[in-house]
Structures are given as structure tokens and as C-alpha cells.
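Visitor: just coords:
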């Protein structure tokens, strides 16, 4: 199933990135099969079925907000005649768009599954912080840049 987004391109402004993502999703190759799971509050897991590939034939690269997983099989040894090929050995490249502050923490290949662990770590400076509300006429803690000892404050009161 495919959708023609051409009329939307003509009647909208500023949605280029959204349409690009929709086009990419429509063209995306679904091989090798994979699962994306939320493993915790800020933990995610991508599991890809890559039977027949060794760790030296797979590359996992994160560049900015893009995770690229690619695989290229080494040539078959000379003299090996395959009578039936049921395990795919074609090269692949799978691209995942990551949210801001998501990084790969590990990649493990075992039992034909490549498991990539991801974690979202928002820097402290970007996390929401609670702002104290001051009473009318009093000095806001955000406005008071001087550090006074607690004893001096108690004497002034």
C-alpha cells in the first residue's frame, strides 16, 4: 500500500521533514526482521534477526540522531556447493532515527539475534526544574545572588 503525498506538498509549508520521514518509511526495507521494544523508563532495545552473519560481518554505527546497522557477508569458501539456500545472505542496511539524547550502550550478537541496547540520558541542564514561588514583596530566591550564612539570616529576622 502506498500513498501519493504530492497534493500535500503543494498545499503545506514547513512540513518537509515530516513528509521526508513518511517517504522514507514507505520505502524502508523490512529485511532483516527486527523488533523495537521499550525495556524501561529510558531504556530501549532493538533486536534484529541476522542468522548466518558473524560479528565481523555486521557494523553498528551511531552518528548524531541516526543509528545505522549494516551487514555484508564474506564470500563463500571455494569448493562449497550450496544445494538449497534457505538462509538469506544478502547485504543489508537498516537505518533508525533516534530521539534527542538517545545513545547506544551496547550491541551483542548471539543465537542469530543482534541486540542493541539504547538509553535516553537528558542532560541536567535540559531537565525540567521546579521554580520556587515567592510571596508578594519578598525577594525571590532566583533574584538573591548573595550567599549569606544561615546565622546572619536568623539574626536579621
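Guide: Arrived safely. All figures in this text were calculated on a predicted structure; none of them were measured in a lab.

Visitor: Assumed residue 125 was part of a helix.
Guide: Yes: Residue 125 sits within a helix when classified using DSSP: H, G, I helix; E, B strand; the rest coil.

Visitor: Show the contacting residues for it.
Guide: For residue 125, the contact set (CB atoms under 8 Å, 6 or more residues apart in numbering) is empty. C-beta: built from backbone N, CA, C; applies to glycine.

Visitor: mind checking which helix or strand residue 82 is in?
Guide: Following DSSP states H and E, there is no helix or strand that holds residue 82.

Visitor: Leaving out chain neighbours, which residue sits closest to it?
Guide: residue 76 (7.3 Å; CB to CB, 6 or more residues apart in numbering).

Visitor: And the pLDDT at the one you found?
Guide: Note on residue 76: pLDDT of 77.

Visitor: when you give positions from now on, start the count at 6
Guide: That works, and once the first residue is 6, the last one we named lands at residue 81.

Visitor: if I look at it, how far off is residue 134?
Guide: 59 Å (CB to CB, to the nearest Å).

Visitor: Now do the SS call for residue 108.
Guide: Quick answer, by three-state DSSP: residue 108 is strand.

Visitor: Correct me if wrong: it contacts residue 67.
Guide: Yes: Residue 108 is within contact range of residue 67, at 6.8 Å (criterion: CB atoms under 8 Å).

Visitor: The two: which is more packed in?
Guide: residue 67 (17 against 12; other CB atoms under 10 Å).

Visitor: Mind listing what's buried along the helix or strand harbouring that one?
Guide: Per DSSP H and E, residue 67 falls inside strand 63-68. For strand 63-68, burial by neighbour count (16 or more other CB atoms under 10 Å) applies to 63, 65, 67.

Visitor: want to throw those residues into a markdown table with pLDDT?
Guide: Output for the buried residues of strand 63-68, formatted as a markdown table (pLDDT from 0 to 100):
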| residue | pLDDT |
| --- | --- |
| 63 | 95 |
| 65 | 96 |
| 67 | 94 |
